[in-house]
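Trainee: predicted model and sequence follow; I will ask about them next.
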Amino acid sequence: MDFVKRCDFFAKSRVADVARKGLGTSADLGMNILGYRPVLLVGSVPLATPAAVFEAVAAALGRLVRRIPDGETGERSQGITWLGAPLRQAKGVVALSERAMPDGTMRPVLAAKPGASTADVQFGPVGYAQAALQSYAEFVRLRREGIIPAGIRFQVSLPTPIALAFGFFAPTSVRTVWPACERRMLLELDQILQGIPHSDLAIQWDIETEIARILEFPDSAQNYPVDELVNAIARVCDNVPPETELGLHFCYCDMGHRHLVEPKDSFLMVDLFNRLAATVARPITWLHAPVPRDRDDDDYFAPLAGLQSEGGTELYLGLIHLTDGIEGAKRRLTAAERVVADFGVATECGLGRRPPESIAHLLVLHRHIAELDLTTWSDPEV
């Protein structure tokens, strides 16, 4: 079934009927109010342009999504690897070597210059604000043309500052450059906020380094205590104004479609979220937590019963996997529902490392899984 036929099939589905007739808006599509689950796209979608991403997502998912990212297309499709060039040009920084990443890309290994202080390290623009403002212009155009439904927000996903420090700098320089990375990312955020109406924007902080590179390893967690990490995340979260939605993507990485470390269960993520919910001064709009493909057991989901959210945070579980489709999602949904009833669906991570030709297929799979509470049919081609 080609993409056009898939979108035509969507147009005939009951969920599409609800969305197209306006029986629900992005504000009142509760996690299960209308009998289906909302969808979250984590960030990257490997199509040719942001406009192509907006058009594909709007056609396949309609109002099942409350916000649409620009797909982090082009050089941004390989996570933060594209930041190597601007970071190595920073004042107070030297390049030591290069290293091969698990996905085959190369990254520079950088360091603070000998004797340099945090104040000596100064990063110029890294590109997040420029990309967001250019993509938002396309988003507005397509909404004006009726392709993107009214009420859906423009989503921008950003790495937390420590991801830049850990991802590109020698361990001995991380403490020196981390505050400089924070200054830079807050400047990028400020430029985004200046150029996009706050009520039309959703900011997602991608929290990978803190989980998959630090807290999962006792030695690293001793060097970077959880309270320090929580306070650092809270600082960037609290720079997002209240009119703008705030999301948290908890990530175990997806280089080569493999996690950096396999989560034992969801306890670490629940604990981190609860600490953040108690520390961040503003509401957290949504939380995304991954679900490994082989985890449909009660042990993995049981800690979710301890999530503490008094502000109505939307929970999205990354339980959609292309490799086992609807049947695998059913198993994970069933297990999750024994613990939490109110959640939306997503993949574990962004889609940027997938072949572009797989995206139409995967978007339709999102829609089918969102409908599982509403219908019993399944598409044998998905």
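Mentor: That came through fine.
Trainee: so which residues of the stretch 51-200 of the chain form helices?
Mentor: Assigned by DSSP state H, counting those that start in this stretch, the helices in the stretch 51-200 of the chain fall at 84-88, 128-144, 161-168, 174-195.
Trainee: from Pro38, how far out is Leu287?
Mentor: Separation of Leu287 from Pro38 (CB to CB, to the nearest Å) stands at 13 Å. C-beta: built from backbone N, CA, C; applies to glycine.
Trainee: hang on, Leu158 packs against Met185?
Mentor: Yes - using CB atoms under 8 Å, Leu158 makes contact with Met185 at a distance of 6.4 Å.
Trainee: find the residues that touch each one of those two.
Mentor: Tyr128 (CB atoms under 8 Å, 6 or more residues apart in numbering).
Trainee: ok, back up a step: can you list residues touching both of Leu287 and Pro38?
Mentor: Common contact partners of Leu287 and Pro38 (CB under 8 Å, 6+ apart): 314, 316.
Trainee: okay, now the unreliable bits of the stretch 201-350 of the chain?
Mentor: 255-259 (pLDDT under 70).
Trainee: using CSV, list the CA coordinates for stretch 147-163.
Mentor: Provided in CSV are the C-alpha atoms of stretch 147-163 (Å, rounded to 0.1, in the frame of the first residue of the first chain):
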residue,chain,number,x,y,z
ILE,A,147,-2.7,21.2,5.5
ILE,A,148,-1.8,21.4,9.2
PRO,A,149,-4.9,21.5,11.4
ALA,A,150,-5.5,24.6,13.5
GLY,A,151,-4.5,24.1,17.2
ILE,A,152,-1.5,21.9,16.6
ARG,A,153,1.8,23.4,17.9
PHE,A,154,5.2,23.6,16.4
GLN,A,155,7.6,21.4,18.4
VAL,A,156,11.3,22.1,18.8
SER,A,157,13.5,19.4,20.4
LEU,A,158,16.8,20.4,22.1
PRO,A,159,19.6,18.5,23.8
THR,A,160,20.3,19.4,27.4
PRO,A,161,23.6,21.3,27.8
ILE,A,162,25.4,18.3,29.4
ALA,A,163,24.8,16.3,26.2
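Trainee: residues of it that come out buried?
Mentor: 148-149, 151-163 (16 or more other CB atoms under 10 Å).
Trainee: among these, which lie within strands?
Mentor: Among the buried residues of stretch 147-163, DSSP state E puts 153-159 in strands.
Trainee: and the most centrally placed residue in the chain, what pLDDT?
Mentor: With distances taken as CA atoms, centre = their mean, Val42 lies nearest the centre of the chain, 3.2 Å away. With respect to pLDDT, Val42 scores 92.
Trainee: how far away is it from Cys349?
Mentor: According to CB to CB, Val42 stands 6 Å off from Cys349.
Trainee: mind listing the shared neighbours of these two?
Mentor: Common neighbours of Val42 and Cys349, counting by CB under 8 Å, 6+ apart, are Gly318.
Trainee: how about stretch 94-109: buried residues?
Mentor: Buried residues in stretch 94-109 (16+ other CB under 10 Å): 103, 107-108.
Trainee: what's the mean pLDDT across it?
Mentor: Summarised as a single mean, pLDDT over stretch 94-109 is 86.
Trainee: quick one: end-to-end length of that stretch, please.
Mentor: Terminal residues of stretch 94-109 lie 9 Å apart, using CA to CA, to the nearest Å.
Trainee: who touches it?
Mentor: Under CB under 8 Å, 6+ apart, the answer for stretch 94-109 is 78, 81, 84, 87-88, 110-113, 167-170, 255-256, 258, 353.
Trainee: try 10 Å this time
Mentor: For stretch 94-109, the external contacting residues (CB atoms under 10 Å, 6 or more residues apart in numbering) are 78-85, 87-89, 93, 110-114, 116, 167-170, 173, 253-258, 260, 352-353.
Trainee: just the buried members of those residues?
Mentor: By 16+ other CB under 10 Å, the contacts of stretch 94-109 give 78-84, 87, 93, 110-112, 116, 167-169, 173, 253-255, 260, 352-353 as buried.
Trainee: so how far is stretch 316-323 from its chain's centroid?
Mentor: Distance of stretch 316-323 from the chain centroid (CA atoms, centre = their mean, to the nearest Å) equals 13 Å.
Trainee: make 31 the first number, not 1, from now on.
Mentor: Okay, using 31 as the starting number, the last item reads as stretch 346-353.
Trainee: and the nearest residue to Asp150 once chain neighbours are set aside, how many neighbours does it have?
Mentor: Nearest residue to Asp150, sequence neighbours excluded (CB to CB, 6 or more residues apart in numbering): Gly122, at 4.0 Å. Per other CB atoms under 10 Å, the neighbour tally for Gly122 reads 20.
Trainee: same question for Phe373.
Mentor: Using other CB under 10 Å: Phe373 sits among 22 other residues.
Trainee: for it, which non-adjacent residue is closest in space?
Mentor: Nearest non-adjacent residue to Phe373, counting by CB to CB, 6+ apart: Leu345, 4.3 Å away.
Trainee: now, the buried ones among the contacts of stretch 124-139 that are in strands?
Mentor: Those of the buried ones among the contacts of stretch 124-139 mapping onto strands are 123, 140-142, per DSSP E.
Trainee: greatest separation within these: which pair is it?
Mentor: Distance extremes for these: the farthest pair is Leu140 and Ala142 at 8.2 Å, using CB to CB.
Trainee: overlap in contacts, the two.
Mentor: Residues touching both Leu140 and Ala142 (CB under 10 Å, 6+ apart) are 120, 123-124, 151, 199-200, 203, 207.
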